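1. Everything below, folded, please.
(2 chains)
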Amino acid sequence: MTAPLLNAVSISKSFAGVRALKQVSFDLRAGEVHALVGENGAGKSTLIKIMTGAETADAGTIAVGGQPVRQLDPHVSRALGIAAIYQQPALFPDLTVAENIALTLESGHAWRRVDWPARREKAAALIGRVGTAIDPDRPAESLTMPEQQVVEIAKALGADARILIMDEPTASLSEREVQGLFDVIAALRRQGAGIIYISHRLEEVMAIADRVTVLRDGETVGTWPAREVNRTELIRLMVGRELSAVYPKRQVARGEVALELRGVSQRETGVYDVSLSLARGEILGLAGLVGSGRTQLAEILFGLTPADAGTITVAGVPRRLTSPAAAIAAGIAYLPEDRRRHGVVLEMSVAANTSLANLAAVSSAGLIRGASERQQAQQYVERFRIKTPSVETDVYALSGGNQQKVALARWLSTKPTVLILDEPTQGVDVGSKAEIHALMQDLAEQGIAILMISSELPEILGMSDRVAVMRRGTIAGILSRDEATSDKILALALEDPRPPTQAALRT
Amino acid sequence: MTHRRELSVAIAIAVLGIVLVVAAPGYFSGENLNDLFLANMPVLLVALGATLVVLAGEIDISVGSQFAVCSVAAGVLANAGWPMPLVAIGTCLIGAMFGAVNGALVAYVRIPSIVVTLAAMVALRDGLRWITQGAWVQGLPDSFQWFGLSQAAYPLVAVAVVAVLFVSISWGLRHLSAGRAIYATGSNPDAARLAGLDVAAVKALVFAAGGALTALAALLNSVRFNQIPSNAGIGLEMKVIAAVVVGGTAIRGGRGYVAGTLLGVILLGAIGPALTYLGVSAYWERAIHGAIILTAVAFDATRAEPLGRVGRVAAARA
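-> You can find the predicted model right below:
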């Protein structure tokens, strides 16, 4: 057997005295997908940073293609054919797609003439290999998250990377785009590339990986052929404890109608004639492709883009939701998709973030009572088990899952009737994910109506009482918990044989 | 850890003070300190307003021109026979109006504040020059100068006014919902909007408050003289922004305290006269200001950036 593409042996790394990796070993063979799984903080990111040369290991050796590598820095790493695609794409917002791709691929002196047609063609061809189409002349800032991801993958493809590291590449992709990505991965594998695949979505890992390595607390738990382990075992290995139920769904007696939509439309954002109702205690899953109008519907309900037709009734009262403040007053809370950008204020403390949407509750006559603010935050910290040194800590110091819980705490402090969750567990580790699911269940039992947008079918199937599937800006169908299966949901989401237009892909 | 900047500036001021005590004790004469206070009091008032604007993530470079217009307006109102309290209220309203117009253009028409206030800076300055033809306001009533108080009593009144405003703004930023809204708006306008805050109103109002404070500064400054120049406040915006930045307020908003601004005004204001006392050419003053600002900004730049990779395209979702 030939030497592995990449062989890392006994890698150790500490940051300011804190052990991030302890004698971790990992190898990647040509033509395989090797998944790396573990909870947040298990050391996956550190290991990747060492492989891409962003960090230097304190101890251990790395060999690429059988040759030991002494000093791995980003340049050497790239020259060796190692490319990483991160969860958060890092494109230049003001440059076009073609320019972004060209920037990493083209070389030459600063005064050379740019061959624009060739640049565009190359970009279009690379994007074509990922299985989609994006106009190479569009500025990167106009791209949706999945589109940005596609451009990142195209960049790596263009660089002829032999070792491709994908860090949560599907976190913001729809099921259809995930399939497209898997096709690309399969093609790369056939061409003899090795792929290190990191994902919290274990279904994906099971579907695509040849081998799985589990990290826990900076140590290798072990490496197994993917077909020899199942999902439950993996979770146990990652967490080091049994998670009793993966989806803690219990039936809740359905209460009165909390939210009723009739013929709701918003011409500009492309939402048409949406009618649905949601009862107290119910979790309604909102499925659909990225760009099918799920987030746009949420934005209508939260008053960000007020509806221009139809009626919205909250707890029996017809409401005109023309601003977030109006929506909050009507009893609607919205946990947006991109928590770092829209959810939490990173430079504010946990306490200040918790009270932000409902300052009145901790104030008298506009005067914030610090003690009651801290007390409120403390209650949520305990109830949600938010890991933070104190409620005075700024939120940027917290992990993703804990930031998400802070955002959730903010919305619960408004005592909502309807809670809209947009991709509530995206990019959150397995342990926090289970806790967030358990919280959702608790909230439903307390009579809150939950509208959950998710691109993760297992989450939709596991947590929803009913599933509404959106397609092209309207409801394609609503399935009861008993009827709902992945196949049926996908069929509804995709039914239309025409491919979605460019406009439909934009969120 | 949150007040490290304030501490560094305070130490710099203390070092300067010690040097002066040893080398030029005359610096601490009552007369000199009084002059220093009177010269820097308008800067501090304008800088308090600028701190609010910068905290909300915006900038106002038209404060120097607003200062000139408000100075002339105060004189004109006084000459028209208005009683002093009404002159004061009228001047502040005029300033608030200029600020509000800037703020509305930024918040509701969504023009970047640097562009809006650059236009306002030029338009107000040249508009004033055209209307006055460069003439100074003269023949002011006796009640105008020193507010009709004695020259000795006036600084006490001015100190009291500035102190009350400083304490209220400092306290309000910390304890009022409105203050929290300013920080949230400057730190993450998207999240603030989603939390139901009226981000546009916050922005418009900080500009209006900044305008009112600038007008008050103009009035308190004008009463010290018996005529009012039509070219007052040239370069004031630079002094003010420098003091805010040196005081540790993040130029992109969301972080900072007015206490830092106060220290920034003291440090930058104390240096010029100190040079004279120390026998150094006063031409060094601006160079030293530049070095201090650069040090402060470099300090900010090396600080760990909490937003890290976020921000840019990462989350671009138009």
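
2. got any ranges where chain A has weak pLDDT?
-> Scanning chain A for pLDDT under 70 picks out A:1, A:16-18, A:40-41, A:87-88, A:108, A:131, A:171-172, A:241-246, A:494-507.

3. Residue B:104: what's its closest spatial neighbour, skipping adjacent residues?
-> residue B:204 (5.3 Å; CB to CB, 6 or more residues apart in numbering or on different chains). For the C-beta atoms, the positions are set from N, CA and C on the backbone; glycine is no exception.

4. C-terminal to the helix or strand harbouring the one you found, what's the next element?
-> Take DSSP states H and E as the rule and residue B:204 turns out to sit in helix B:199-222. Per DSSP H and E, the first helix or strand lying C-terminal to helix B:199-222 is helix B:236-246.

5. So the next helix or strand after that next one, near chain A or not?
-> The element immediately downstream of helix B:236-246 (helix or strand, assigned by DSSP H and E) is helix B:258-278. No. Helix B:258-278 stays clear of chain A (CB under 8 Å from any CB of the partner chain), getting no nearer than 15.4 Å.

6. Can you confirm whether the helix or strand just after helix B:258-278 lies near chain A?
-> Sequence order places helix B:284-302 as the next helix or strand after helix B:258-278, per DSSP H and E. No. Helix B:284-302 lies out of reach of chain A by CB under 8 Å from any CB, never closer than 13.3 Å.

7. can you state the direction angle for helix B:284-302 and helix B:258-278?
-> Relative orientation of helix B:284-302 and helix B:258-278, computed by axes from the mean of the first three to the mean of the last three CA atoms, to 10 degrees: 150 degrees.

8. What average pLDDT does helix B:284-302 get?
-> Helix B:284-302 carries an average pLDDT of 84.

9. Could you pull out the buried residues of stretch B:165-177?
-> B:165, B:166, B:169, B:170, B:172, B:173, B:175, B:176, B:177 (16 or more other CB atoms under 10 Å in any protein chain shown).

10. Narrow these to those in helices?
-> B:165, B:166, B:169, B:170, B:172, B:173, B:175, B:177 (DSSP state H).

11. Find the residue closest to the fourth one in space, skipping its chain neighbours.
-> By that I understand residue B:170. residue B:258 (4.8 Å).

12. Assess the claim that that neighbour and residue B:45 are in contact.
-> No. Using CB atoms under 8 Å, residue B:258 makes no contact with residue B:45, being 11.2 Å away.

13. hang on, the earlier thing: with the buried residues of stretch B:165-177 in mind, which one is nearest to chain A?
-> residue B:177 (4.4 Å; CB to the nearest CB).

14. Could you count how many residues lie near the residue lying closest to that closest one once chain neighbours are set aside?
-> Once flanking residues are discounted, residue B:177 sits nearest to residue A:359: 4.4 Å by CB to CB, 6+ apart. Neighbours of residue A:359 under the rule other CB atoms under 10 Å in any protein chain shown: 22.

15. Assign residue A:359 to helix, strand or coil.
-> helix (DSSP: H, G, I helix; E, B strand; the rest coil).

16. hmm, back to that, mind exporting the C-alpha coordinates of the helix holding residue B:204 to CSV?
-> C-alpha atoms of helix B:199-222 as CSV (Å, rounded to 0.1, in the frame of the first residue of the first chain):
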residue,chain,number,x,y,z
VAL,B,199,-32.1,52.0,15.3
ALA,B,200,-32.9,54.9,12.9
ALA,B,201,-34.4,57.0,15.7
VAL,B,202,-31.3,56.3,17.9
LYS,B,203,-29.0,57.5,15.1
ALA,B,204,-31.1,60.6,14.4
LEU,B,205,-31.3,61.5,18.1
VAL,B,206,-27.6,61.2,18.8
PHE,B,207,-26.9,63.6,16.0
ALA,B,208,-29.6,66.0,17.4
ALA,B,209,-28.1,65.7,20.9
GLY,B,210,-24.6,66.3,19.5
GLY,B,211,-26.0,69.5,17.7
ALA,B,212,-27.5,70.8,20.9
LEU,B,213,-24.3,70.2,22.9
THR,B,214,-22.3,72.0,20.1
ALA,B,215,-24.7,74.9,20.3
LEU,B,216,-24.3,75.1,24.1
ALA,B,217,-20.6,75.0,23.7
ALA,B,218,-20.8,77.8,21.1
LEU,B,219,-22.9,80.0,23.5
LEU,B,220,-20.7,79.4,26.5
ASN,B,221,-17.6,80.3,24.4
SER,B,222,-19.1,83.4,22.8
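
17. Give me the buried positions along it.
-> B:199-200, B:202-222.

18. what angle sits between it and helix B:236-246?
-> Using the same axes, to 10 degrees: helix B:199-222 against helix B:236-246 is 120 degrees.

19. Let me see the mean pLDDT of helix B:199-222.
-> 96.

20. Contacts for stretch A:363-372, please.
-> A:355, A:359, A:362, B:175, B:176, B:177, B:178, B:180 (CB atoms under 8 Å, 6 or more residues apart in numbering or on different chains).
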